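Enquirer: Mind looking at a prediction? Sequence and model below.
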Amino acid sequence: MRNRFTITISDVNGSKHYLLHKVIKRFVLYFILFIFSMIVAGSFFINFLVSELKTLEEKKEVLLKKQKILKEQNSDLLSKIDKKNREYDSLKEKIDDIEELVGIAPSGEYKIDERLKNLKFTSAQQKFFFENIPNGEVVPFSGYTGKFGWRIHPILKRKEFHRGIDLKAKMMTPVRAPADGVIEYAGFHKSSGFGNLVILDHNFGFKTSYGHLSNKFPFKSGDFVKKGEIIAYTGNSGLSTGPHLHYEIRFISRPLDPKNFMHWDGSNFEEIFKKEKRVSWQSLIKLMQERFPLTKQQ
């Protein structure tokens, strides 16, 4: 029988004897249990950290997307601010020009909106413009079938510049003169494709044309007409896909977008000077100033 080491522990209650190998076994067992517990706890902790890391990554992705959206919004806002600044500078220059024309000295002490209020045209001046320059609806507005600018011709199927607009209108809708003028042409026009055509010559270099009309002409070439008088009736003549009115406005042969003039009235009188830049408004305002001195509100 082999020898075993014994550990004796004595106190007031007596002595206790422990075998060394049992103590070692118990110590090893406790150590293994401790290591196992640490491994299990470490596994749970690592899984917790992995889960937290995954959550943080997801939050990071969300924040990065939000940051991207905010950057795009910021870039868009900066672009809009830059555009508004350019519009402001352009508006300021136009106000300076109009102020110079109407005899109001530009002043840096007034803001833009205050200076705009100073440019008030009298009713006599507006009447002068509206009687002599095409404005307002020529037929009751019910929509467009063709707009001003480049397009593919609906019948010829080729790209061409549309020098007017096509307005929806039923057969025999009255067409009214947009300003005073003289009938230059009224009849069937063979070479243009407009069929029955009326050309109205206005003052100050303006001219209007009306195509695809019926063959009923209230006036003949050389007749003078007043604003609002019926000068023709809509039809479907010439190269046309259906009843409508082709309407053109020209200034010394330059085609203008009629839409700017159709919506021109006393509520937005000054806007035409900014929208339509192919007209020599400055010279016309000077002429008007001689006939009807402008009022100034200081």
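Expert: It's in. Numbers count the residues shown, from 1 in each chain.
Enquirer: For the rest of this, base every contact and every neighbour count on C-alpha atoms.
Expert: Will do.
Enquirer: low pLDDT regions in this structure?
Expert: 1-23, 92-120, 155-156, 293-298 (pLDDT under 70).
Enquirer: Find the centremost residue of it, please.
Expert: In the chain, the residue lying closest to the centroid (CA atoms, centre = their mean) is Lys80, at 11.3 Å.
Enquirer: Tell me which other helices or strands the longest helix along the chain touches.
Expert: Longest helix in the chain, counting residues (DSSP state H): helix 20-102. If you count contacts as 3 or more CA pairs under 8 Å, 6 or more residues apart in numbering; DSSP states H and E, helix 20-102 packs onto helix 112-118, helix 281-291.
Enquirer: Just the CA coordinates for the last one, please, in CSV.
Expert: In this case it means helix 281-291. What follows is helix 281-291, C-alpha atoms only, in CSV (Å, rounded to 0.1, in the frame of the first residue of the first chain):
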residue,chain,number,x,y,z
TRP,A,281,-39.7,98.3,-74.1
GLN,A,282,-37.4,101.1,-73.1
SER,A,283,-38.1,103.1,-76.3
LEU,A,284,-41.8,102.4,-76.0
ILE,A,285,-41.9,103.6,-72.4
LYS,A,286,-40.1,106.7,-73.3
LEU,A,287,-42.7,107.4,-76.1
MET,A,288,-45.5,106.7,-73.6
GLN,A,289,-43.9,109.0,-71.1
GLU,A,290,-44.1,111.9,-73.5
ARG,A,291,-47.8,111.2,-74.1
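Enquirer: just the angle between it and helix 20-102, please?
Expert: Calculated by axes from the mean of the first three to the mean of the last three CA atoms, to 10 degrees, helix 281-291 forms an angle of 40 degrees with helix 20-102.
Enquirer: Enumerate the beta-bridge partners assigned to Leu200.
Expert: Per DSSP bridges, the residues bridged to Leu200 are Ile183, Thr208.
Enquirer: How many residues are close by it?
Expert: By the criterion of other CA atoms under 10 Å, Leu200 has 27 neighbours.
Enquirer: Tell me the spacing between the closest residue in space to Gly222 that isn't next to it in sequence and Ile165.
Expert: Excluding the flanking residues, the one nearest Gly222 by CA to CA, 6 or more residues apart in numbering is Ile183, at 5.2 Å. Look at Ile183 and Ile165: by CA to CA, to the nearest Å, they are 20 Å apart.
Enquirer: re the thing from before, surely the residue nearest to Gly222 is in contact with Phe217?
Expert: No. Assessed by CA atoms under 8 Å, Ile183 is found out of contact with Phe217, at 10.7 Å.
Enquirer: higher neighbour count, these two?
Expert: Ile183 (20 against 16).
Enquirer: residues contacting that one?
Expert: When contacts are counted by CA atoms under 8 Å, 6 or more residues apart in numbering, Ile183 touches 198-201, 219-225.
Enquirer: 7 Å instead, please
Expert: 199-201, 220-224 (CA atoms under 7 Å, 6 or more residues apart in numbering).
Enquirer: what does Pro243 give?
Expert: Contacts of Pro243 by CA under 7 Å, 6+ apart are 169-171, 234-236.
Enquirer: Can you read off the backbone torsions of it?
Expert: Dihedral pair for Pro243: phi -60, psi 130, per degrees, to the nearest 10.
Enquirer: Okay, strands next: where are they in the stretch 151-298 of the chain?
Expert: Here the stretch 151-298 of the chain has its strands, by DSSP state E, counting those that start in this stretch, at 159-162, 165-168, 174-176, 181-189, 195-201, 206-213, 224-225, 230-233, 244-251, 254-256.
Enquirer: Mind putting those into TSV with distance to Lys277?
Expert: Formatted as TSV, the strands of the stretch 151-298 of the chain follow (distance: least, CA to CA, whole Å):
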stretch	distance to Lys277
strand 159-162	19
strand 165-168	19
strand 174-176	26
strand 181-189	23
strand 195-201	21
strand 206-213	14
strand 224-225	27
strand 230-233	28
strand 244-251	11
strand 254-256	9
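Enquirer: what's the closest of these to Tyr88?
Expert: strand 254-256 (25.1 Å; CA to CA).
Enquirer: For the residue nearest to the centre of the chain, give its distance to Lys66.
Expert: Lys80 is 21 Å from Lys66, by CA to CA.
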